[in-house]
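J.: I would like the atomic coordinates for the input below:
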Amino acid sequence: MDIYDYLDRVIKSGIWRDVVKPRLSRNSICVLCRGRSNLCGKPKCPVIMEFEAVSKYIRSLYTREIYGNTPPSIFVGRYGYPKVYLGPLVPPIQGDTRIYDYPEYWIDYSLDKILEMRSILVFGGKRVDVSIAREGDRYYQDILDISLSILSPEVELKLARTPVKFIEIDEDIIPFGPRGPLENLRLGTLKIDYRVERASSDYDLRAEDAVWNLYLKGIPISRIQRVFSVGGLGLRRSRRIVPTRWSITAVDDIIGRRLIKMVKKYPLINDIEVYEYNALGNKFIAVLIPRHWSYEFIEAWYPGTFWNRLGDGIVIESDYELYGGREDYAEIGGCYYASRLATLEYLNSIGRQATVVIFREIYPSYVFPVGVWIVRESVRRMFMGKTIKFNNLVNALRYVYSRLKTPREDIGSFLLDFIFRQRRMSEYV
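T.: Below is the predicted model:
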């Protein structure tokens with residue numbers, strides 16, 4: 001099935017109500033829902049309502065006419081699918097603004113710095129049908145050209161009314177500033193990335209193949225996600241614009257599945273390896289075990305964190321895949337695929353395969369979700385750091401649990417339990 005057909009079916013089916021099911025035995029369903037599915041039954045997420053109440057003073061005083069250089073940046077909404085809002089994000093700043101939408105370079109920034117940059121990006125959007133990527137018009141061509149740009153093109157937005165700030169919080173997408181309905185868009189001089197433009201112009205190249213080819217050419221993930229989101233890749237008959245949040249996970253998954261095929265051909269690592277990294281109120285610890293490829297991602301949300309504000313205990317969620325892979329969508333969402341991609345990049349770089357378990361603890365200092373990129377870039381940075389090697393899994397886990405704040409008895413890992421239950425043939429020889 002073509003990736004666009006899959007995403008279309010997923011979105012129309014109301015994926016979050018299908019794959020995210022409340023587990024009433026848990027301390028909180030907020031971590032499962034994260035404002036996406038109203039699992040509590042309330043018409044609007046109470047956590048987001050609380051944040052809105054204290055954020056009403058955050059009003060960006062912009063005029064109806066915005067002139068500046070887009071990073072470049074495009075946003076595709078998801079409400080009302082298949083008719084969604086599509087448009088550029090533009091700061092009222094002239095010059096090189098690429099850093100405003102380049103998460104690969106944000107890992108050393110503070111949360112305040114990230115939110116400061118993103119809060120001045122104004123979204124001017126028009127409601128369009130997702131099929132516009134196949135049919136095209138002048139407006140869509142301008143949006144596509146922006147997504148293909150390698151520099152920061154000049155953009156002039158004329159909005160139908162003064163933009164206002166809406167609070168929309170999502171673990172997957174990066175927050176941005178006020179928004180308003182677009183009346184007119186004028187685009188200045190562009191410098192196109194011809195590597196991406198050639199892929200976009202190839203109407204006989206499947207979207208998954210185009211994504212993989214761009215990745216192999218060294219195009220940053222965020223830029224591949226951007227052009228994929230506006231429907232700029234794939235067979236002409238299949239193209240459609242994809243909500244930003246889905247394009248992020250789709251690209252991570254496409255590249256990850258290709259890397260899995262490569263990693264499975266490599267020999268096992270020699271020792272048990274442990275890595276650790278801290279970023280923006282998040283702690284990541286990875287355990288690599290010399291066994292065939294399998295993967296598990298475990299999150300622990302502490303009381304006082306954004307999606308566990310009202311809870312009185314740590315809420316732990318996890319998901320995994322065995323050697324044969326998985327066909328259903330991971331309940332944890334985009335973080336699962338972002339972490340898996342970064343892990344597979346590391347294994348591919350050393351030419352080895354392993355069973356990998358990654359722990360993520362989220363502390364109250366992570367006051368506001370800033371997008372799934374933080375997981376991908378943190379895990380990438382983690383594997384660039386120092387490794388501690390063990391020849392015994394028990395000793396390795398004893399060390400890991402000493403580095404985590406979460407009580408050992410509260411952490412449940414399917415893969416670790418499976419390893420300790422299973423005896424390999426080599427033990428009988």
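
J.: quick one: buried residues of the helix or strand where Asp252 lies?
T.: Per DSSP states H and E: Asp252 is located in helix 244-263. For helix 244-263, a neighbour-count test (16 or more other CB atoms under 10 Å) marks 244-260, 263 as buried. Heads up, the C-betas are built off the backbone N, CA and C, glycines and all.

J.: ok, now stretch 118-126?
T.: 118-126.

J.: next: stretch 266-273.
T.: 269, 272-273.

J.: check contacts around Ile272.
T.: Counting by CB atoms under 8 Å, 6 or more residues apart in numbering, Ile272 touches 287-290, 389-393, 396.

J.: residues touching Ala396, list them.
T.: So Ala396 contacts 272, 274, 287, 390 (CB under 8 Å, 6+ apart).

J.: is the last one in a bridge, and if so with what?
T.: Assessed by DSSP bridges, Phe390 has beta-bridge partners Ile272.

J.: got a list of what it touches?
T.: Taking CB under 8 Å, 6+ apart, we find Phe390 in contact with 271-274, 396, 399.

J.: nearest to Arg198, of these?
T.: Glu273 (39.2 Å; CB to CB).

J.: without its sequence neighbours, what residue ends up closest to that closest one?
T.: The spatial neighbour of Glu273 that comes closest, neighbours along the chain excluded (CB to CB, 6 or more residues apart in numbering), is Leu288 at 4.2 Å.

J.: quickly find the element holding the one you found.
T.: Per DSSP H and E: strand 282-289 holds Leu288.

J.: what does Tyr275 give?
T.: Per DSSP H and E: strand 272-279 holds Tyr275.

J.: repeat that for Ile173.
T.: Going by DSSP H and E, Ile173 is not part of any helix or strand.

J.: what about Asp328, neighbour count?
T.: For Asp328, the neighbour count with other CB atoms under 10 Å is 9.

J.: state the distance from it to Val251.
T.: 19 Å (CB to CB, to the nearest Å).

J.: any idea where the strands of the protein begin and end?
T.: 65-69, 74-76, 83-90, 122-129, 154-159, 179-187, 272-279, 282-289, 294-301, 315-321, 355-362, 388-390 (DSSP state E).

J.: find the residue closest to Leu233 in space, skipping its chain neighbours.
T.: Ala210 (4.1 Å).

J.: for Ser229, same thing?
T.: In space, Ser229 is closest to Ser247, 3.6 Å off (CB to CB, 6+ apart).

J.: may I see the ChimeraX selection of the buried members of the contacts of Ile272?
T.: The buried residues among those can be selected in ChimeraX (16+ other CB under 10 Å) with this line:
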select :287,288,289,290,390,393,396
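
J.: ok, so of the contacts of Ile272, who is nearest Ser413?
T.: Val287 (9.1 Å).

J.: who's in contact with that closest one?
T.: So Val287 contacts 272-274, 356-359, 396-397, 400 (CB under 8 Å, 6+ apart).

J.: any regions of the stretch 101-250 of the chain where pLDDT drops low?
T.: 166-172 (pLDDT under 70).

J.: tally of neighbours for the closest residue to Tyr105 other than its chain neighbours?
T.: Distances taken as CB to CB, 6+ apart place Ile99 nearest to Tyr105, at 6.3 Å, with adjacent residues excluded. Counted with other CB under 10 Å, the neighbours of Ile99 add up to 13.

J.: any idea how far Ile99 is from Pro181?
T.: Ile99 is 28 Å from Pro181, by CB to CB.

J.: list the contacts of Gly351.
T.: 266-267.

J.: the same query, at a cut-off of 10 Å, please.
T.: By CB atoms under 10 Å, 6 or more residues apart in numbering, the residues touching Gly351 are 262-263, 265-267, 269.

J.: repeat for Arg118
T.: When contacts are taken as CB under 10 Å, 6+ apart, Arg118 is in contact with 73, 89, 91, 100-101, 106, 174-177, 370-371.

J.: mind running it again at 8 Å?
T.: With CB under 8 Å, 6+ apart, Arg118 has these contacts: 100, 174-177, 370.

J.: do the same with Arg236
T.: 134, 203.

J.: quick one: mean pLDDT for stretch 365-376?
T.: If you average the pLDDT over stretch 365-376, you get 88.

J.: list the buried residues for it?
T.: 366-376.

J.: narrow those to those in helices?
T.: Among the buried residues of stretch 365-376, DSSP state H puts 373-376 in helices.

J.: where does the residue nearest to Ser229 sit relative to Ile254, distance-wise?
T.: 10 Å.

J.: can you check Lys217 too?
T.: For Lys217 relative to Ile254 (CB to CB), the value is 15 Å.

J.: thinking again about what came up before, show the average pLDDT along the strand holding Tyr275.
T.: 97.

J.: and it, how far out from the chain middle?
T.: 21 Å (CA atoms, centre = their mean, to the nearest Å).

J.: so what's the residue most central in space within the chain closest to, chain neighbours aside?
T.: Central residue of the chain (CA atoms, centre = their mean): Val372, 3.4 Å from the mean position. Residue nearest to Val372 in three dimensions, not counting chain neighbours: Gly334, with 4.0 Å by CB to CB, 6+ apart.
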